[in-house]
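1. Structure of the sequence below:
(chains A, B and C)
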Amino acid sequence: MQAVLNPPQEEAVEHIDGPLLILAGAGSGKTRVITCRVARLIEKGIPPYHILAITFTNKAAGEVRERVDDLIGYGSESVWVSTFHSLCVRILRQHIERIGYGTNFTIYDTEDQKRMVKEVIRFLNMDPKLYPERRLMAEISKAKEQFISPHEYDLQAQGDYRKMQTAKAYTEYQRRLHNNNALDFDDLLYKTVQLFQDCPDVLEQYQERFRYIMVDEYQDTNEIQFLLVRQLARKYRNLCVVGDDDQSIYKFRGANIKNILNFEQEYPEAKVIKLEQNYRSTGNILAAANEVIRHNQGRKEKTLWTAQEAGDLIQYKQYENEYQEAEQTAYQIRELQIRKNRNYRDFAILYRTNAQSRVLEEKLLMNNIPYKIYGGQNFYARLEVKDLLAYLKTIANGYDDVAVKRILNVPKRGIGATTTAKIDTYAMAQEISFLDALYQAENVPGIGKAAAKIQKFTDLISDLREILASGASISELFDEILERTGYKEALVTEHTEESMNRIENIEELRNKIVQYEEETEYPSLDELLEEIALIADIDSLNSSDDRVALMTIHSAKGLEFPYVFLCGMEERLFPSNMAICSEDADALEEERRLCYVGITRARERLFLSSARQRMMNGSSNYNMISRFVQEIPQELLDMGGYKKAVEREAAPKTSSHISEIFTAKPAYGKAFTVTRAERLEYQVGDRVKHMKFGNGIVEDIKSGGKDYEVTVDFENYGIKRMFASFAKLKKLEN
DNA sequence: CACAGGTCTCTTTTT
DNA sequence: GAGACCTGTG
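-> Okay, the predicted model is just below:
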């Protein structure tokens, strides 16, 4: 990390009034400039209260927050640092009544959204073959991103039958959200912009409050975010945006690269500053990144440079298949970790698609390398977690039909689809919520014996609400839910590997609730649910945890690691087949930008690899080496790879199980949560079971720092040393 | 009503 | 390879 600001950084920090565009290349000290600028503003006498910094992820917000606090100390807490989404939630909780919602609205995630869209399709008798929910969801989302209301959408759709149908679905979907007092992710932005448009007095209040606004990752803002920022900055025009057009990788999500490219048109008086000195990567890594991105048209001309030395060459290897790629990646990490005495957290394995993580995970697991997979299935999206959250949501907001329907028959209460449909019809006719209809079940025609079962459910909800109202904490309420529904007990009885995993997740959820209660002065169920709704997996990336990080390149944006492995450098995978086939030339350029982002995550060493043969969607593919590899000049690459890899494979002792590795069946597709073993359930001499290596006898247990190192003699694999927290050995009763 | 087993489709990235 | 959907059986 640099000691003093360089001249352009200094210039950016010094700029106080009026619009400012900072074009910050990868690793050019962007966060530093943002935080120093906040400090400078305050030094110049601007009250912290008037400063707003917007980021994309909670993680980035947390980082900025932390550094601002360090830099400023007293008063820093009134600087508002937040993501777009949480900023909007805070505003809406205050004022959403002005546009006809209740302030205790719930937030729907993608899955809730999907359930709702599905219902809409059925309700409107649309053909799900012609209108798959995925497409409808994408259409609706796209409309909202562009601030197009259902009505407007309908007007634009005239003459196009397809679009007219979509308009109907959009209208009905939005009507239902409103009835449920729920907002989806897109609504958070949409409704805020709408609020500001409809209520100029509210807007003015925030314009006065946020006189100095900064937006990070501006290249990834979409239309509605652009509109929101424009509204807020319109009065004082003290808007500072930071971004890098070369790192724009969210076009598929509506990001409009023009927001940054046309900033000077929107704000003609804007000052533009380029940060081109990279403080992160070695010369060779940076040279490779520059060469790759140079192949793109239509970018703002700039070239990153570094004062660092060239460093090692970039390694490129082609492997026979993805299993070998994964195995060798794991092997190299282990070697580097030992020989260079590095921590596991210094390594990241990045890939284009989440599907690639499974094989990598399997090989890391077999080599006893601790890892964590970020992204993919979010913790809060797991079935059991969502079920329990649905109970909490039902208790918090009885209008949330999606939550109520989710849990009505979970665990099984013998209430099936037929009964649900009858209740639904009744609710619709009476214009009441689904939960209220359940409370009136005896009035529902043809309900028969189901009425008694339903009453048991409504009694349960009433009881739980009572418990909360009488002053129980959220964690106490949570325990009551587990107890009274028998949810946990059912899993305990099931006693399969899967059910045990679910129990662990439930316990983790409980921990998060307790943690929330401990660190919040006035905990409330509404607030807890809101925080959870806005959490992304990547936010939990925690550098004190010594593990290799696995994630998509998208998730890695904004992060850096000493050692980076970019796997799957193959045509049709990266760049993706879709991008290659696309009519739109920019699709390929976006892939290239993504590659640029991937390369520039590396500080010291970069490893590229591809597989000759790879299973994709169930069938075998032979893909060519990615064009992005070819775009890196040969002199930057160390291609000696493949042969050496094979030689090394044979040499070390750890290779005893390599032949087994190639024939191993893929691991069951789920993320592993690794918890530190407090005390072990086994001791020396016990028979234990390992997920992969099967049965064995514990030879030795050593307490190494915060973990135990266990030596086990396996019946089929011989002696292995592993960390207890990771190996998850199960004691066997003989 | 619950569940098991079959067939079908569609494949990217996620705040 | 996974998820959605359908169908038949208990």
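2. Going by C-alpha atoms from here, please, whenever you check contacts or count neighbours.
-> Will do.
3. What average pLDDT does stretch A:207-225 get?
-> On average, the pLDDT along stretch A:207-225 is 95.
4. Show me which positions of that stretch end up buried.
-> Across stretch A:207-225, burial judged by 16 or more other C-alpha atoms under 10 Å covers A:207, A:210-225.
5. And for stretch A:519-530?
-> Going through stretch A:519-530 with 16+ other C-alpha under 10 Å, the ones that come out buried are A:525-526, A:528-530.
6. cool, and stretch A:316-334?
-> Applying a neighbour-count criterion of 16+ other C-alpha under 10 Å, the buried positions in stretch A:316-334 are A:316-319, A:321-331, A:333-334.
7. got it, and stretch A:485-499?
-> Counting neighbours by 16+ other C-alpha under 10 Å, one finds that the buried residues in stretch A:485-499 are A:485, A:487-488, A:491, A:499.
8. So which helix or strand of chain A has the lowest pLDDT on average?
-> Ranking every helix and strand in chain A by mean pLDDT, DSSP states H and E puts helix A:658-663 at the bottom, with a mean of 27.
9. in the helix or strand following that one, what counts as buried?
-> Following helix A:658-663 in sequence order, the next helix or strand is strand A:687-690 (DSSP states H and E). Neighbour-count burial for strand A:687-690, with 16+ other C-alpha under 10 Å as criterion, is recorded at A:687-689.
10. Make sure I have this right: residue A:393 is in a helix.
-> Yes. With DSSP: H, G, I helix; E, B strand; the rest coil as the criterion, residue A:393 is assigned to a helix.
11. confidence score at it?
-> We have a pLDDT of 92 for residue A:393.
12. any idea how far DNA strand C is from it?
-> Applying C-alpha to the nearest atom of the strand, to the nearest Å, the value for residue A:393 to DNA strand C is 21 Å.
13. repeat for residue A:712
-> In this structure, residue A:712 lies at 29 Å from DNA strand C, with C-alpha to the nearest atom of the strand as the measure.
14. Specify the beta-bridge partners of that residue.
-> When bridges are called by DSSP bridges, residue A:712 pairs up with residue A:698, residue A:720.
15. Quickly find the element holding residue A:315.
-> Element membership of residue A:315 [criterion: DSSP H and E] is strand A:314-321.
16. Could you do residue A:93 as well?
-> helix A:84-95.
17. hang on, the earlier thing: in strands, which of the buried residues of stretch A:519-530 fall?
-> Secondary-structure check on those using DSSP state E: no residue lies within strands.
18. how about TSV for these, with pLDDT added?
-> Rendered in TSV, the data for the buried residues of stretch A:519-530 read as follows (pLDDT from 0 to 100):
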residue	pLDDT
A:525	93
A:526	88
A:528	91
A:529	89
A:530	86
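19. any idea which of those is closest to residue A:580?
-> Closest approach to residue A:580 among the buried residues of stretch A:519-530 (C-alpha to C-alpha): residue A:530, at 39.4 Å.
20. I figured the closest one was touching residue A:105, is that so?
-> No. The criterion here is C-alpha atoms under 8 Å, and residue A:530 misses it with residue A:105 at 9.2 Å.
21. max-length helix in chain A?
-> helix A:497-519 (DSSP state H).
22. Let me know whether it sits next to DNA strand C.
-> No. Against DNA strand C, helix A:497-519 shows no contacts by C-alpha under 7 Å from any atom of the strand, the least distance being 13.1 Å.
23. helices or strands next to that helix in the packing?
-> Secondary-structure packing of helix A:497-519 (3 or more C-alpha pairs under 8 Å, 6 or more residues apart in numbering; DSSP states H and E): helix A:383-396, helix A:474-485, helix A:487-494.
24. So which of the ones you listed is nearest DNA strand B?
-> helix A:487-494 (10.7 Å; C-alpha to the nearest atom of the strand).
25. Run through who's touching the closest one.
-> By C-alpha atoms under 8 Å, 6 or more residues apart in numbering, the list of residues contacting helix A:487-494 from outside reads A:411, A:481-483, A:499-500, A:502-503.
26. what do you get if the cut-off is 7 Å, keeping everything else the same?
-> Helix A:487-494 is contacted by residues A:411, A:482, A:499, A:503 when judged by C-alpha atoms under 7 Å, 6 or more residues apart in numbering.
27. Using PDB, write down the CA coordinates of it.
-> Output in PDB follows, covering the C-alpha atoms of helix A:487-494 (Å, rounded to 0.1, in the frame of the first residue of the first chain):
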ATOM      1  CA  TYR A 487     -39.200 -29.000  12.300                       C
ATOM      2  CA  LYS A 488     -35.900 -29.800  13.900                       C
ATOM      3  CA  GLU A 489     -37.100 -33.000  15.400                       C
ATOM      4  CA  ALA A 490     -38.200 -34.300  12.000                       C
ATOM      5  CA  LEU A 491     -34.700 -33.700  10.700                       C
ATOM      6  CA  VAL A 492     -33.100 -35.300  13.800                       C
ATOM      7  CA  THR A 493     -35.200 -38.400  13.300                       C
ATOM      8  CA  GLU A 494     -34.400 -38.600   9.600                       C
END
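28. distance between it and the chain's centre?
-> Shown here is helix A:487-494, whose average C-alpha point lies 30 Å from the average C-alpha point of the whole chain (C-alpha atoms, centre = their mean, to the nearest Å).
29. Need the nearest residue in space to residue A:587, chain neighbours excluded.
-> The shortest distance from residue A:587 to any non-neighbouring residue, by C-alpha to C-alpha, 6 or more residues apart in numbering, is to residue A:579 (5.0 Å).
30. Return the set of buried residues in the longest helix of chain A.
-> Neighbour-count burial for helix A:497-519, counted by 16+ other C-alpha under 10 Å, picks out A:499, A:501-503, A:505-506, A:508-510, A:513-514, A:516-517.
31. so what's residue A:93 up against?
-> In this structure, residue A:93 makes contact with residue A:103, judged by C-alpha under 7 Å, 6+ apart.
32. Per-residue pLDDT of it, please?
-> Among the per-residue scores, residue A:93 holds a pLDDT of 93.
33. Could you check how far residue A:584 is from DNA strand C?
-> Distance from residue A:584 to DNA strand C, by C-alpha to the nearest atom of the strand: 25 Å.
34. what do you get for residue A:637?
-> Separation of residue A:637 from DNA strand C (C-alpha to the nearest atom of the strand) stands at 32 Å.
35. And that residue, how far from residue A:629?
-> 9 Å (C-alpha to C-alpha, to the nearest Å).
36. One more: residue A:272?
-> Distance, residue A:272 to residue A:629, by C-alpha to C-alpha: 33 Å.
37. between these two, who's got more neighbours?
-> Neighbours per residue (other C-alpha atoms under 10 Å) separate residue A:272 from residue A:629, with residue A:629 holding more: 20 against 15.
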